[in-house]
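Structure for the following, please:
(chains A and B)
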Amino acid sequence: MAANGTDHAEYKSYLEEDGGRKGIFRWILSTDHKRIALLYLYSMMAWFIIGVTLGVLMKLELIAPGKTLIGPQAYNATFTVHGVIMIFLIVIPGLPAVFGNFMLPIQIGAKDVAFPRLNLFSWYIYVIGSILVIMSLFGNGAPDTGWTFYAPYSFKTGTNMLPAALGAFVLGFSSILTGLNFLVTIHRMRAPGMTWMKMPLFPWTIYGTAWIQLLATPIVGITLLMVAGERILGIGFFDPAKGGDPLLYQHLFWIYSHPAVYIMILPAMGAISEIIPTFTRKTIFGYRAIVLSTLAIAFVGYFVWGHHMFTAGMSGTALFTFSILTFLVAIPSAIKVFNWIATMHQGSISTEVPFLWAASFIFVFLIGGLTGLVLGALATNVHVHDTAFVVGHFHFIVFGGTGFAFFGALHYWFPKIYGRMYDKGWARTGWMIFFIGFIALYGPMFYLGITGMPRRYFDYLEEYHGPNIISSLGALVMVTGFVIILINLVRSAREGEKAPMNPWGGTNLEWQIPSPPPLENFEEIPVIEKATYKFD
Amino acid sequence: MKKVLITFLIILAYNTSQAQSDADVEIGVVEKLNQTIPMDARLVDENGDTVIIGDLIDKPTILNFVYFRCPGICSPLMDGLADVIDATDLELGKDYQALTISFDHREQTFLAVRKKNNYLNLMEKKEQAQTGWRFFTSDSADIARLTEATGFRFKPTGNDFIHAATLIIVDKNGKITRYMNGIYFLPFELKMTILDAAEGKAGPTINRVLQYCYSYDPQGQKYVMNITKVVGTLILIMGLTLFLVLVLVKRKKTA
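This next block holds a predicted model:
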């Protein structure tokens, strides 16, 4: 391989290659997959800061019973917009758009994605959708339906429902086009010799995710159009007074939004599957099992949406079926966890920062997954449905899963992306504070939920006060950790010491090209001979 | 024992109250969907021959009750039927048939023949209607059985009758599958109704596609497009096509 040499002094990295453009146009007109990945990263970080602010606002409100900071209407709006931003703007596009864009072509030995212009276009759609969502915060009242836009309230509320729903609709197109782009890239542009079973696991998870993006996202688009039709034209899809069915809305919404959970978690699992072999110096345990469980999760994930609606009034048969399927989908997830742990077994573990994130990912994901089984079982679901327990569960999965994997991937690939190393001491400190804050913030929610505190209320009874204080303080600790991580990374991207080509001793293609990579990644398309994750 | 008795009484009370509400309708149509008409009822055809209705019904069939001397709604109803037969692309006599039955037992065959000839002259599909649209009279007992079984309630006033206008669609076993009320009928509604009565077994593939995409809304009494089903299928077909293209079509060699 041409890029395998040690002397790269003569090349121009993608960060220096400006395509003859000036200023911001070097970025917003570039079709380079790596620059587009960073465009996504920066825009997501901006929205993430807004989302976190709204989250902290809620936790501060809940630090004591009664109104402390914001009233009921403002609280409803806060949790709605917090949810919409976090789900639609960050965790769904998150790993695929940032690391999928950056690493997928490199890991399969391609110069770019299949449709670079479409890729840039997807980012523009993403930005338009995001702005619509953020706009809904202003004007005559932010939406107060919850991020799920449940009918019939969503077409009756007087608040800014439409911009938020329209934003989610537009974002869907970005998701679909990105998925399509990746599918074609993976099918068509793998380097010679890279058979399906030699492909690294991160591209595999991107592949599974891309199918979900392509097939499930149109459904939420249609559903949100139906809500718009209901609000503007009064058609009556979901209005019982006009012969509609509000339950239909829930079905349609979750037919998309449950597979969307797998859009969030699959690439996260892929990133973890990259990090663990590198820092244990071992081939991944059960490569085929992980590939198969990726596809199994993507497939079975389509048929479990009903477990969001156990108390909504479905038939007994439907409840039973959805419950069984929910338990089934836990199997491939557990297979992955076992494989990661088996990979670590007798490995030469180095506890670098990315590994810390990966290990803590497994820990929180395990808690999130097991509490998911409590919710998936019909009998227990009835008791904890719509309580703080659910909030704890999905933050462990969505934030603890996808979020931890995102930060892990960021610390893992950071030297490749920027060609500079971050301060490991601060990164470690940031991780530690963040992790402690995370557990303190979401852990008490399980207890609160079991004892009966409902979700989505700005107020609670005095008996819930203690755990809520821990939770609110946890939020502040976690945000402190986040700020440390952010400052460290931003500073290091500019001033960190130069990173070598392969700082972690990884085996995949991204570690065999210079840091940061040149514009078209490879001087010459590599030919793949050995299996992935082989340490000499 | 007591429990059984109470249950029985409740069921009885419930059933009588149901019957009561049905019986309340003196004139009009009480829908008897999924019930079978008496297939042994006797009719007299245009030639004066006595036939058994069960022998006639071997395909989806439109029944309609009129009386031939009727000065009121019967003619507009039959006009509507003639129009929709002309407008639909289904073939009368092959895909479906129409039986018009006089519910006035005093009427004779010559009135039926005169009426039939009137309508044949109006229609474009004369050939098909000659065999596919039949006109009958009958005796008072058989008329009573047929109209009672189909829920068609009418009332004599002097020499005439007060009654409703409806088409009753039965499948080839005589089971009532649909009522089309009123005097104007859309060819699309007729087609879907006939296809439903044929249980999707007959007809070209496009008909099956139509049935898949549209479902009957009992409340609005019309066919509505099943948007979720259609869109879901389209998405899956697109996804499958993409997958097959990616797998089957060889990739081009790039420089």
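
Buried residues of the helix or strand encompassing A:Phe182, list them for me.
Under the criterion of DSSP states H and E, A:Phe182 resides in helix A:161-188. By neighbour count on 16 or more other C-beta atoms under 10 Å in any protein chain shown, the buried set for helix A:161-188 is A:161-187. Backbone N, C-alpha and C define where each C-beta goes, glycine included.

Output the set of residues of chain A in proximity to chain B.
Contact residues (C-beta under 8 Å from any C-beta of the partner chain) of chain A with chain B: A:180, A:183-184, A:187-188, A:211, A:214-215, A:218-219, A:222, A:243, A:248, A:252.

One more pass at 6 Å, please.
Contact residues, chain A versus chain B (C-beta under 6 Å from any C-beta of the partner chain): A:His187, A:Arg188, A:Leu215, A:Pro218, A:Ile222, A:Gly243.

Distance of the residue nearest the centre of chain A relative to chain B?
Centroid-nearest residue in chain A, with C-alpha atoms, centre = their mean: A:Val91, separated by 3.0 Å. As defined by C-beta to the nearest C-beta, to the nearest Å, A:Val91 lies at a distance of 23 Å from chain B.

can you check A:Val329 too?
In terms of C-beta to the nearest C-beta, A:Val329 sits 20 Å off from chain B.

before we move on, what about A:Ala114?
Counting by C-beta to the nearest C-beta, the gap from A:Ala114 to chain B is 10 Å.

and A:Glu274, what does it touch?
Contacts here follow C-beta atoms under 6 Å, 6 or more residues apart in numbering or on different chains; on that basis A:Glu274 touches A:Phe202.

And the strand or helix carrying it, what's buried?
Following DSSP H and E, one finds A:Glu274 within helix A:246-280. The neighbour-count criterion (16+ other C-beta under 10 Å) identifies A:246, A:249-280 as the buried residues of helix A:246-280.

what about the residue in chain B positioned nearest to chain A, how many neighbours?
Closest to chain A within chain B is B:Leu246: 4.1 Å, counting by C-beta to the nearest C-beta. Per other C-beta atoms under 10 Å in any protein chain shown, the neighbour tally for B:Leu246 reads 14.

Run through the residues that contact A:His82.
Here A:His82 is in contact with A:Gly51, A:Leu54, A:Gly55 (C-beta under 6 Å, 6+ apart).

Give me the pLDDT value at the nearest residue to the second one once chain neighbours are set aside.
It refers to A:Leu54. Spatially, and ignoring its direct neighbours in sequence, A:Leu54 is nearest to A:His82 (4.0 Å; C-beta to C-beta, 6 or more residues apart in numbering or on different chains). Listed pLDDT for A:His82 reads 94.

my guess is A:His82 is in a helix, correct?
Yes: counting by DSSP: H, G, I helix; E, B strand; the rest coil, A:His82 is found in a helix.

how far away is it from A:Lys242?
According to C-beta to C-beta, to the nearest Å, A:His82 and A:Lys242 sit 32 Å apart.

ok, back up a step: and whichever helix or strand comes after the helix holding A:Phe182, what's buried?
Going down the chain from helix A:161-188, the next helix or strand is helix A:201-233, by DSSP H and E. Buried residues in helix A:201-233, counted by 16+ other C-beta under 10 Å: A:201-224, A:226-228, A:230-231.

tell me which parts of the stretch 101-250 of chain B are close to chain A?
Close to chain A, as judged by C-beta under 6 Å from any C-beta, the stretch 101-250 of chain B has residues B:Gln219, B:Val231, B:Ile235, B:Gly239, B:Leu246.

And for the second one, nearest residue in space, chain neighbours not counted?
When you say that, I think you mean B:Val231. A:Ile222 is the one closest to B:Val231 (C-beta to C-beta, 6+ apart), at 5.6 Å.

Provide a list of residues in contact with residue 66.
Reading this off chain A. A:Asp459.

oops, I was thinking of chain B
B:Cys74.

continuing past the strand or helix carrying A:Ala298, what's the next helix or strand?
Here A:Ala298, judged by DSSP H and E, is contained in helix A:287-300. On the C-terminal side of helix A:287-300, the nearest following helix or strand under DSSP H and E is helix A:316-344.

Pull the distance from that following helix to the chain's centre.
Computed by C-alpha atoms, centre = their mean, to the nearest Å, the chain-centroid distance of helix A:316-344 equals 19 Å.

So B:Phe68 is in contact with B:Arg106, correct?
No: counting by C-beta atoms under 6 Å, B:Phe68 does not reach B:Arg106; the two are 10.5 Å apart.

neighbour count winner among the two?
B:Phe68 (22 against 11).

quick one on the thing from earlier: can you tell me which of the contacts of A:His82 are in helices?
Counting by DSSP state H, those place A:Gly51, A:Leu54, A:Gly55 in helices.

how is chain B carved up into domains?
The record's domain split for chain B, according to automatic domain parsing, is B:25-203, B:213-255.

pLDDT on the first one, on average?
Per-residue pLDDT values over domain B:25-203 give a mean of 88.

coming back round to it: quick check, nearest of the ones in helices among the contacts of A:His82 to B:Ile162?
A:Leu54 (68.0 Å; C-beta to C-beta).

Quick one: neighbours of that closest one, just the number.
For A:Leu54, using other C-beta under 10 Å, the count is 20.

Tell me where the stretch 51-200 of chain B has strands.
For the stretch 51-200 of chain B, strands defined by DSSP state E, counting those that start in this stretch occupy the ranges B:61-66, B:97-102, B:133-136, B:152-153, B:155-157, B:160-162, B:166-170, B:176-181.

Sheet partners, orientation included, of the second one?
Pairing partners of strand B:97-102, with direction, according to DSSP bridges: strand B:61-66 (parallel), strand B:133-136 (parallel).

One more: the last one?
Paired strands of strand B:176-181, with direction, are strand B:166-170 (antiparallel) (DSSP bridges).

SS state for the closest residue to chain B within the stretch 401-536 of chain A?
Relative to chain B, the nearest point of the stretch 401-536 of chain A is A:Ile525 (9.2 Å; C-beta to the nearest C-beta). Using three-state DSSP, the structure places A:Ile525 in coil.

burial of it, as a residue count?
18.

Not including adjacent chain positions, what is the nearest residue to it?
Closest to A:Ile525 by C-beta to C-beta, 6+ apart is A:Ala191, at 5.4 Å.

Just the helices from the stretch 151-255 of chain B, written as ranges.
Counting by DSSP state H, counting those that start in this stretch, the stretch 151-255 of chain B has helices at residues B:187-197, B:205-213, B:227-248.

any idea how far chain B is from the residue nearest to A:Leu54?
30 Å.

tell me the contacts of A:Asp32?
A:Tyr14.

Just list whatever residues bridge to the residue nearest the centre of chain B.
The centroid of chain B falls nearest to B:Ile169 when counting by C-alpha atoms, centre = their mean (1.6 Å). Beta-bridge pairing for B:Ile169 (DSSP bridges): B:Ile62, B:Arg178.

most packed of the domains of chain B?
domain B:25-203 (a mean of 17; mean count of other C-beta atoms under 10 Å in any protein chain shown).

A:Ser174 against A:Tyr126, yeah?
Yes: between A:Ser174 and A:Tyr126 there is a contact under C-beta under 6 Å: 4.1 Å.

Identify the spatial nearest neighbour of B:Thr150, chain neighbours not counted.
B:Ile168 (5.1 Å).

residues contacting that neighbour?
Counting by C-beta under 6 Å, 6+ apart, the residues that B:Ile168 touches are B:Leu63, B:Thr150, B:Tyr179.

how about a cut-off of 7 Å?
B:Ile168 makes contact with B:Leu63, B:Asn64, B:Thr150, B:Ile176, B:Tyr179, according to C-beta atoms under 7 Å, 6 or more residues apart in numbering or on different chains.
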